[in-house]
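Asks: the following comprises the amino acid sequence and a computationally predicted model.
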Amino acid sequence: MIHLQPTPDQEEAAEAVASFLQAEMPIERLRPRGRELPLIRHRDQAKWAEMGALGFFGLGLEEDLGGVGLGVVEETLAFREFGRYLVAPRVLGSVLGARVAARAGRADLVEGILAGTVPVGLLLTLEDEPGTAYLVDGADAEWALTWNAGGAGLVDTAKLSDIEARESIDSTLEFAHVRLPASEPEIWVTADVDPIPRRGDLLCAAMLVGLSEGTRDDSVEFAKMRKQFNQPIGSFQAVKHRCADMATRAAAAWAQILFAVLAEKERTEDVVFQVTAAKLIATDTAIRNAQANIQNHGATGFTSEVEAHHFLKRSHLLDQVGTNQRRLRDRLLEQPAPPA
Amino acid sequence: MIHLQPTPDQEEAAEAVASFLQAEMPIERLRPRGRELPLIRHRDQAKWAEMGALGFFGLGLEEDLGGVGLGVVEETLAFREFGRYLVAPRVLGSVLGARVAARAGRADLVEGILAGTVPVGLLLTLEDEPGTAYLVDGADAEWALTWNAGGAGLVDTAKLSDIEARESIDSTLEFAHVRLPASEPEIWVTADVDPIPRRGDLLCAAMLVGLSEGTRDDSVEFAKMRKQFNQPIGSFQAVKHRCADMATRAAAAWAQILFAVLAEKERTEDVVFQVTAAKLIATDTAIRNAQANIQNHGATGFTSEVEAHHFLKRSHLLDQVGTNQRRLRDRLLEQPAPPA
Amino acid sequence: MRIEISDEEREFRAEARDWLEAHVPKVHRRAYVRQHDTEWQRTLYDGGWAGINWPKEHGGRGLPPDQLLIWYEECARVHAPHWGCMATALMHAGPTLIVRGTEEQRAYHLPRILKGESVWCQGWSEPGAGSDLASLTTRGDIDGDHLVVNGSKIWTSSGHLADWQELLIRTDQNATKQKGISWVICDMHSPGIEVRAIPTMSGPFDSHFAQVFYNDVRIPLTNVVGGLNNGWDVAAATLGFERGTGFIPEQLHQVEVLEDLIKLALERHKRSGYSHLDEGDIMYRLATLRAEFAAIRALTYQSISRDRNGTPGSESSMIRLYFSETLQRLTRVAIDVLGPRMMELSDDRGWTYGYLRAFPATIAAGTSDIQRNIIGERILGLPRGPKPQ
Amino acid sequence: MRIEISDEEREFRAEARDWLEAHVPKVHRRAYVRQHDTEWQRTLYDGGWAGINWPKEHGGRGLPPDQLLIWYEECARVHAPHWGCMATALMHAGPTLIVRGTEEQRAYHLPRILKGESVWCQGWSEPGAGSDLASLTTRGDIDGDHLVVNGSKIWTSSGHLADWQELLIRTDQNATKQKGISWVICDMHSPGIEVRAIPTMSGPFDSHFAQVFYNDVRIPLTNVVGGLNNGWDVAAATLGFERGTGFIPEQLHQVEVLEDLIKLALERHKRSGYSHLDEGDIMYRLATLRAEFAAIRALTYQSISRDRNGTPGSESSMIRLYFSETLQRLTRVAIDVLGPRMMELSDDRGWTYGYLRAFPATIAAGTSDIQRNIIGERILGLPRGPKPQ
């Protein structure tokens, strides 16, 4: 019997995260304030220690390593909420960074990361320019998370060179081009010790579904409220059907994530297939929903005064974290067909 | 100055073809009759000599070779009508076959082909089974047309072997699997003598646009007439917008064909690019319009009692004649960018 | 969130596998042949597998959804026959009689269905009432203890093979749309019934639809199910049946089809049957489909899990929409893989047949447009479209 | 159906090419910088190229569509600046004054536009009136020989740079929707006008839209164009202007963009910047785009040819729809080619900027939904949707 439905306990953990975010980090925090330019970095940083104190970064880490001692299910449910509320992507750095540090026996680091006082940036390596990467959300970070098929690690940001700030399409992010140290990262955990890269894909996928649900809800709300030709635009089939497609895609993506997280929890033989499929579907859904949401908002959707554009840009960023959806297709075809 | 609009004379030739077809070969001729099974072959054959007598097969062939002495423009406009009225695809065999025979100096053959008394079938070569082909509409034909990038030719059907009737998805067609003679076709015209393969692509493209316009009109007519929930289904955006997309695609495809036929007429340097683009767009449009037309008709569209399915199957057949649209993309990328 | 394979499930799977391997017919068949389908139903009955999802008290096996899933998986594994022309009887008519029929109706019909002795068809759609089912006009007028039926039904699958029909007719001409409809059991052998097969685009001999004409057909009032003029409600009851699992056999089948197609594409690639570009595009789409079919399966498991927890979702329209569109994409990759061979309708009803047969997926039982309306209005709460002028 | 390059055309092309090569500015600029755009307009004026499509009697060059096309092609060849913030003046406001303005209005404004001395913006859309333009509520009340304007306009491109505005306001509150609207010339430097830049998603410094607020703004009645309460008709007159050729510069530009992208993709492929599958999919889509952009060009030529023959088609909505959707597909291939680099908004406003900037293509000047309604109803004759409940 396969139970593909979170237990009440599991849902409770996710709801705790959601209600904190709704109260303390509502989406509207990203809106430009007064005459301030919409270059809005680091608004989440002020809340990081509070999130840490609430255990948000250690939900899935064992208690004896300093975590909350829940599992991958709770962690995945929490990341869906992080996505929905557009929490800074460095939350991946904190959660996965703590896990890397813990597995590498760096208890000294784990505590600070979990507490939210030692921030961890993200590295996106650039295959077309070997030895370089983008550093995301990392200007104030001592460490930056990186992963590839073989494992996951933390890079000492002091050892990054040629750091050059670049403008990102996502103006809520710190963004820089950097040269990686020639040597391997000082802290590295191979995937056979702990499949952290796969967990990274899963958590990204959950965030992406959170984004997809966020844009679905945003479109539905707007379509009920906005009137043209004396009626809510949601009564027009063109808009209604786009919303229906958004909802359907999001539902399918979330179901697949539940299937993948179950495979991860039970370490089934098809876990790689299921997680790969989950991130692929989740990315595709998040980007398409974000595009449709902008269209549904009309001209408003193109401004940076509503959140529609943030969802789009965040979807593209999460696509690129770890590996992108285009590479995931290769991986999916390399896998054997899943057992019936 | 580029005149991308047929002249009144050119349009008149096409209208002559159209009014003959409307009177003598209306689409409804393909409907199943009474209790007869809808395996309806050869209904057009009875009209072939009449079409020949009217000069339909020699519109673009020089007068001294037995043709009507008009040009590629008139021929292309006529093929749009052939497509619209779902004329048997062997019309390609007759028109291009006469041209091949004429260029090869086989005046003895030209006359009968042009008169419609010597029918010419079509060969679709099978790359995955070298030396074999499908013979289309060729059971009663002495000759069959074939072409590839290098030229076009007529194969003596008496030299085909292992002829095996097969069931085609298009039940209006004669369809057989055959082994080609080991030797080259006895009648062959290389593309540098006359670019007949390119003309073939162009005429196929024009037929495909005729199909696209046929399905567009079929959908629009049905959407005005059919009522659900007390209103014509064409008032629902889902249906209306599908029809709008069908019309837009068909308009773009037809414009591109006009551009390509002009390039062919004037032998511009980008003629290969333009003809390739024309057949690519025309095929894509015909297939997508045919699929949308079936959807617009609801359950009726899936029956063989209306013509919707014929348009789909004919589109797929014409896709495969000469080369298919998937190969055309390779060809298009091999071409230099067209001059501005 | 857990996988928990009980001993009972393990034993059930073994039992099903053994029995299926011993009993599945070895010969392929053309679609919709009555003898084939009813014989397989009889075999199931004799083996104790008939009505696997029907309640035990009505002669079924009463399996919970999880064991049902195991059964379907095992059926797929050995390519057991689908329901075929028994589908309406087993999935619609039987279940409706179970929940709304009289004792007499059940006693007569249920055993005959389970034994494969009677084939049922549906009589809902009409030429003028497709997506707008409630506007149906086939009428039944009371004459003594009978209804006299006149009108016509269309898109009746297996209509030419059926003994009985679940027929929706208008029995009160004055009531508003949905109110005057009755659900009746119609004997297809009654005088006044004419069945005309409708040839379909998937092949000249492939008539799985029929139009049925009723000319003063007399149906005893005792054949009304769930009360006169109560038919809309009765029909809705059947729609809810097996929402979660009814689709599973088809899904399992299509996953197999996808994997076969991947193999075929790789093979053709090895033989350089198509160009580099073509191949890249095809493999790209096949990879996407693998993920999408995984998601369909996940949606189904999720739906079963919700039912089990007593919190049914309203997602059946979503599953239907997502599945039917994914299925069409799959069949469209297939014909691209085939190249010119797609023109041939091979004897084994292969890829091209699958392509043609997939067209109704977005039309039958509510078009994709209707599904999107339902999702938009009932699930998302968007306002209904404006009323006609 | 012919190509006929006259000596006149050949000479015109040579003249345009020589002049452009000598005068085109060498430095790239960020979008919408007033000085850059007005200086270029002045350069055009001094060279005799201002108002190239305006009638000669109004100071333009009065070129026929074919020479206009040659001009645009030559501009594209040397990457001449686009109209930039002069677009509304040259393509909307000037042409409207020419056909509907008074002698005085023309004498004052047309020369200033041609010389690049005045920048215009549009004031049509409102926060509550987007696709449904006729429901606008910004009002003008007559007070002596002035209108007193109150309300707000939105999505005003170059609003913060403009001297003048073509403003649609409601001047008769009692007339039905379209009847009470006037088209007036609004001095953007009037007291009571406030312009607020609207930051857009394509970058924090990329504000090409503005919202304009009117607080008792006094506009002389002599600034009304085409008669009071006649504005809907005046606006329609402008919409028809340059239907065939107005799009050409953008089309030519995008074809160049596509060819650049093909080069980039092939380069990346050589460096194995992406996988086999990825590359196949990307090249497949690029090939399709090549054909589609060819078709867009053909549609435009066809439209010009029809205008020349005096048989204008009603296909402008089709060109718009087809172009905007093709453009978005193009920009979406580009970001797939880039991989992680798509996250960077490079200084030269490259591919990612193009991706973001393409979003309004299916929204501005009538969404794709509206275009499809127009095509369905006006071209295909399908019934209008039902009126609201």
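Replies: Great, that's in hand.
Asks: any chance you could map the strands in the stretch 1-150 of chain C?
Replies: Ranges of strands in the stretch 1-150 of chain C, per DSSP state E, counting those that start in this stretch, are C:2-3, C:120-123, C:139-143, C:146-153.
Asks: now do the residue of the stretch 101-250 of chain C found nearest chain B, the pLDDT please.
Replies: Nearest residue of the stretch 101-250 of chain C to chain B (Cβ to the nearest Cβ) works out as C:M201 at 3.3 Å. C-beta: built from backbone N, CA, C; applies to glycine. Listed pLDDT for C:M201 reads 87.
Asks: list the residues that contact it.
Replies: Each residue near C:M201 by Cβ atoms under 8 Å, 6 or more residues apart in numbering or on different chains is listed here: B:I294, B:F302, B:T303, B:S304, B:A308, B:H309, B:L312, B:K313, C:L356, C:F359.
Asks: which residues does the second one contact?
Replies: Contacts here follow Cβ under 8 Å, 6+ apart; on that basis B:F302 touches B:I294, B:A308, B:H309, C:T200, C:M201, C:S202, C:F209, C:F359, C:P360, C:I363.
Asks: list phi and psi for the fifth one.
Replies: Yep, that's C:M201 we're talking about. Main-chain torsions, C:M201, degrees, to the nearest 10: phi -70, psi -10.
Asks: could you find the closest non-adjacent residue to it?
Replies: Leaving out its chain neighbours, the residue that sits closest to C:M201 by Cβ to Cβ, 6 or more residues apart in numbering or on different chains is B:H309, at 3.3 Å.
Asks: I'd say that neighbour and B:Q291 touch.
Replies: No - counting by Cβ atoms under 8 Å, B:H309 does not reach B:Q291; the two are 10.7 Å apart.
Asks: among those two, which residue is more densely surrounded?
Replies: B:H309 (28 against 20; other Cβ atoms under 10 Å in any protein chain shown).
Asks: list phi and psi for that one.
Replies: According to degrees, to the nearest 10, B:H309 has phi -70, psi -30.
Asks: please name the residues that touch it.
Replies: B:H309 makes contact with B:I294, B:G301, B:F302, B:T303, C:M201, C:L356 under the criterion Cβ under 8 Å, 6+ apart.
Asks: ok, now with 10 Å
Replies: By Cβ atoms under 10 Å, 6 or more residues apart in numbering or on different chains, B:H309 lies in contact with B:30, B:38, B:169-171, B:290, B:293-294, B:297, B:301-303, C:199-202, C:356, C:359.
Asks: low pLDDT regions in the chain?
Replies: Assuming you mean chain A. A:34-42, A:340 (pLDDT under 70).
Asks: right idea, wrong chain: chain C
Replies: Counting by pLDDT under 70, chain C contains low-confidence ranges at C:28-32, C:204-207, C:239-244, C:272-274, C:309-314, C:347-349, C:386-389.
Asks: go again with 50.
Replies: The model of chain C has pLDDT under 50 over residues C:388-389.
Asks: mind listing the helices for it?
Replies: For chain C, the helices defined by DSSP state H cover C:7-23, C:34-47, C:65-77, C:87-88, C:94-100, C:103-114, C:231-239, C:248-270, C:276-308, C:316-338, C:351-357, C:368-374.
Asks: could I get these as TSV with distance to A:M246 and mean neighbour count?
Replies: Shown next, in TSV, are the helices of chain C (distance: least, Cβ to Cβ, whole Å; neighbours: other Cβ atoms under 10 Å in any protein chain shown):
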stretch	distance to A:M246	mean neighbour count
helix C:7-23	37	14
helix C:34-47	40	18
helix C:65-77	29	20
helix C:87-88	33	22
helix C:94-100	33	22
helix C:103-114	41	17
helix C:231-239	25	19
helix C:248-270	23	17
helix C:276-308	15	23
helix C:316-338	11	21
helix C:351-357	28	21
helix C:368-374	11	22
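Asks: need the contact list for A:A141.
Replies: If you count contacts by Cβ under 10 Å, 6+ apart, then A:A141 has A:90, A:93-94, A:97, A:118-122, A:135, A:155, A:157, A:174 around it.
Asks: to clarify, my last question referred to A:H316.
Replies: Contact analysis of A:H316 by Cβ under 10 Å, 6+ apart lists A:169-170, A:283, A:286-287, A:290, A:324, D:335, D:340, D:342-343, D:352, D:355.
Asks: between those, which has the most around it?
Replies: Top of those by neighbour number is A:A286, holding 33 neighbours under the definition other Cβ under 10 Å.
Asks: please settle this for me: is that residue part of a helix?
Replies: Yes - counting by DSSP: H, G, I helix; E, B strand; the rest coil, A:A286 is part of a helix.
Asks: circling back to that earlier point, so which of the contacts of B:H309 sit within strands?
Replies: Per DSSP state E, strands hold no members of the contacts of B:H309.
Asks: re the thing from before, ok, so of the contacts of A:A141, who is nearest C:R384?
Replies: Nearest to C:R384, judged by Cβ to Cβ, of the contacts of A:A141 is A:R90 at 44.1 Å.
Asks: for that closest one, which non-adjacent residue is spatially closest?
Replies: Per Cβ to Cβ, 6+ apart, closest to A:R90 is A:D137, 4.0 Å.
Asks: the one you found: how many residues sit nearby?
Replies: Neighbourhood size, A:D137 [other Cβ under 10 Å]: 27.
Asks: before we move on, back to that, for A:A104, find the nearest of the helices of chain C.
Replies: helix C:276-308 (32.6 Å).
Asks: mind checking how far whichever residue of the stretch 51-200 of chain A sits closest to chain C is from D:V27?
Replies: Chain C sits closest to A:V73 of the stretch 51-200 of chain A, with a gap of 4.8 Å, by Cβ to the nearest Cβ. A:V73 is 57 Å from D:V27, where distance means Cβ to Cβ, to the nearest Å.
Asks: more neighbours: which of those two?
Replies: Shown here are A:V73 and D:V27; by other Cβ under 10 Å, A:V73 has more neighbours (24 against 5).
Asks: just checking, that one touches A:R80?
Replies: No - contact status for A:V73 versus A:R80: not in contact, 11.1 Å apart, counting by Cβ atoms under 10 Å.
Asks: joint contacts of the two?
Replies: A:A14.
Asks: can you count the residues close to the closest residue to C:E259 other than its chain neighbours?
Replies: Once flanking residues are discounted, C:E259 sits nearest to A:A337: 4.7 Å by Cβ to Cβ, 6+ apart. Residues lying near A:A337 (other Cβ under 10 Å) number 15.
Asks: quick one: secondary structure of A:A337?
Replies: coil.
Asks: where does it fall, phi/psi-wise?
Replies: Per degrees, to the nearest 10, the backbone of A:A337 is at phi -60, psi 140.
Asks: contact partners for it?
Replies: Contacts for A:A337 (Cβ under 10 Å, 6+ apart) come out as A:D270, A:F273, C:V255, C:E256, C:L258, C:E259, C:I262, C:K263, C:R290, C:F293.
Asks: look up the closest residue to the fourth one, ignoring the ones flanking it.
Replies: Pointing back at C:E256 there. C:A76 is the one closest to C:E256 (Cβ to Cβ, 6+ apart), at 6.6 Å.
Asks: how many neighbouring residues does A:R33 have?
Replies: Neighbour tally, A:R33, other Cβ under 10 Å: 10.
Asks: could you measure from it over to A:A102?
Replies: Distance, A:R33 to A:A102, by Cβ to Cβ: 38 Å.
Asks: show me where the stretch 51-200 of chain A has its strands.
Replies: Going by DSSP E, counting those that start in this stretch, the stretch 51-200 of chain A shows strands at A:120-125, A:132-136, A:143-148, A:151-156, A:161-165, A:175-179, A:187-190.
Asks: mind checking the ones you listed for the one nearest to D:D172?
Replies: Closest among the strands of the stretch 51-200 of chain A, once you apply Cβ to Cβ, is strand A:175-179, at 53.2 Å.
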